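Student: Whatever this is, show me its structure:
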Amino acid sequence: MDGENVVTQTVLMIGTRKGLWIARSEDRESWALEGPHFDMEDVYSCCIDRRGDGVRLFAGPSSSWLGPKLMHSDDLGATWQEAKIAFPEDTGASLARVWQITPGFDDTTVFAGTEPGAVFRSDDRGETFEIVRGLWDHPHREQWGAGYGGQAFHTIVPHPDDPDSLTCAISSGGVYATTDGGATWRAQNTGVQAEFLPEGSQYPEFGQCVHKIARHPSRPDRMFMQNHGGVYRSVDGGVTWDSIEKGLPANFGFPVVVHPHDPDTVYLFPLGGSGGRYPVDGRARVWRSRDAGDTWEPLDQGLPDQFYVGVMRDALWADDNDPVGLYLGARNGSVWASADEGESWREIAANLPDVMSVRAATV
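Tutor: Numbering: from 1, shown residues only. Below is the predicted model of the structure:
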């Protein structure tokens, strides 16, 4: 294709409790929104994969009557095909939902995190998936609890330089990592509090309710975590964690996003607590740190002052433009976008169903 005839656009996927919407923009100011795909189905996970010769969209729709699926599209949502993903018969389990879809750093690997808690791997770019046995057979598995939304590996973080290294997080079980391609796994929750446990037992080996972890490819040993009650940073690949919540209005929340070009810049959306899952004082504010969590500043220009809804773990995302765009989807069906790294925001969609996931990229 003649490169001069290619129009660059930003594609935004919006997964909701009643389907998937896809928005497109050439300037990140005006947006064309179309959908729903998978009407009346929960879409907790979506992904934009730009590896290889073309863009592949992924979505994980599920419903009580149609069951769960993992779908992909090679024509930006015009048509969809179903991937092969299922629990082996000997596990005695069945797929309830796909919570996470994450490309690896090679050309073909794709990971999926599911409910019940398992990780699946594809080596053919998402056509077929096999369960990662080493994690499913881990001795902790039968003791993992379930978060408020269910038991699920909602976070999968491949290592950018080591294809045998992978870090995952589950609610409620905590962080687990492998360095041998998934054959063996170890819990990595040292320093992370499980505040819902009795005094004296709030720092267990596993059982924490981790909400999300993230890291920048250029600094793979440094990770950031939003926990059920705490915000943490690790500088040793997740082996140990230290609190960086000082300066934030609350230590509860769901998403954490690292700036795609600056490994020292990280974004959060704190909520008042597990009882009232909306921002402190009902004010919508994204919080940014430019020094890897040492200090924090609120970003709220254009965001509403009355905002009594939550933002879920996969409903805050950054594109890879320059300047970076940020996207925030809320449980009241509103979607907000910033084209200047969070300095100012504008509503680009309203009155959608509960937003559970957003993903954006330039294609």
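
Student: what sits opposite the residue most central in space within the chain in the beta ladder?
Tutor: Centroid-nearest residue in the chain: residue 314, 3.7 Å away (criterion: C-alpha atoms, centre = their mean). Note on residue 314: beta-bridge partners residue 357, judged by DSSP bridges.

Student: State the distance from it to residue 246.
Tutor: The spacing between residue 314 and residue 246, counted by C-beta to C-beta, to the nearest Å, is 26 Å. All C-beta spots, glycine's among them, are computed from the backbone N, C-alpha and C.

Student: now residue 344
Tutor: 26 Å.

Student: More neighbours: the two, which one.
Tutor: residue 344 (14 against 11; other C-beta atoms under 10 Å).

Student: give the contact list for the more buried one.
Tutor: Counting by C-beta atoms under 8 Å, 6 or more residues apart in numbering, residue 344 touches 301, 302, 338.

Student: Quick check, pLDDT for it.
Tutor: Looking at residue 344, its pLDDT is 98.

Student: wait, is it part of a strand?
Tutor: No. Counting by DSSP: H, G, I helix; E, B strand; the rest coil, residue 344 is not part of a strand but coil.

Student: Quick check on it: phi, psi?
Tutor: Dihedral pair for residue 344: phi -140, psi 150, per degrees, to the nearest 10.

Student: and the gap between it and residue 296?
Tutor: Applying C-beta to C-beta to residue 344 and residue 296 gives a distance of 18 Å.

Student: now residue 140
Tutor: In terms of C-beta to C-beta, residue 140 sits 33 Å off from residue 296.

Student: Name the SS class of the residue lying closest to residue 333 once chain neighbours are set aside, please.
Tutor: Spatial nearest neighbour of residue 333, chain neighbours left out: residue 352 (3.8 Å); criterion: C-beta to C-beta, 6 or more residues apart in numbering. Following three-state DSSP, residue 352 is assigned to coil.

Student: was I right about residue 352 contacting residue 14?
Tutor: Yes. Judged on C-beta atoms under 8 Å, residue 352 makes contact with residue 14 at a distance of 6.7 Å.

Student: Overlap in contacts, the two.
Tutor: 21, 335.

Student: quick one: which of these two has more around it?
Tutor: A direct count of neighbours by other C-beta under 10 Å for residue 352 and residue 14 places residue 14 higher, at 29 against 21.

Student: Am I right that the more buried one is in a strand?
Tutor: Yes. Using three-state DSSP, the assignment for residue 14 is a strand.

Student: How much space separates the nearest residue to residue 321 once chain neighbours are set aside from residue 26?
Tutor: Leaving aside its sequence neighbours, residue 321 sits nearest to residue 362 (C-beta to C-beta, 6+ apart; 5.9 Å). Going from residue 362 to residue 26 by C-beta to C-beta gives 10 Å.

Student: quick one: which of the two has more around it?
Tutor: residue 362 (16 against 12).

Student: Could you list everything that one pairs with in the sheet?
Tutor: Counting by DSSP bridges, residue 362 is bridged to residue 10.

Student: Just the buried residues of stretch 324-336, please?
Tutor: Residues of stretch 324-336 classed as buried by neighbour count (16 or more other C-beta atoms under 10 Å): 324-336.

Student: Now, the residues you listed that are in strands?
Tutor: Filtering those for membership in strands, criterion DSSP state E, returns 326, 327, 328, 329, 335, 336.

Student: residues contacting the fourth one?
Tutor: With C-beta under 8 Å, 6+ apart as the criterion, the residues that contact residue 329 are 14, 16, 311, 312, 315, 316, 335, 336, 355, 356, 357, 358.
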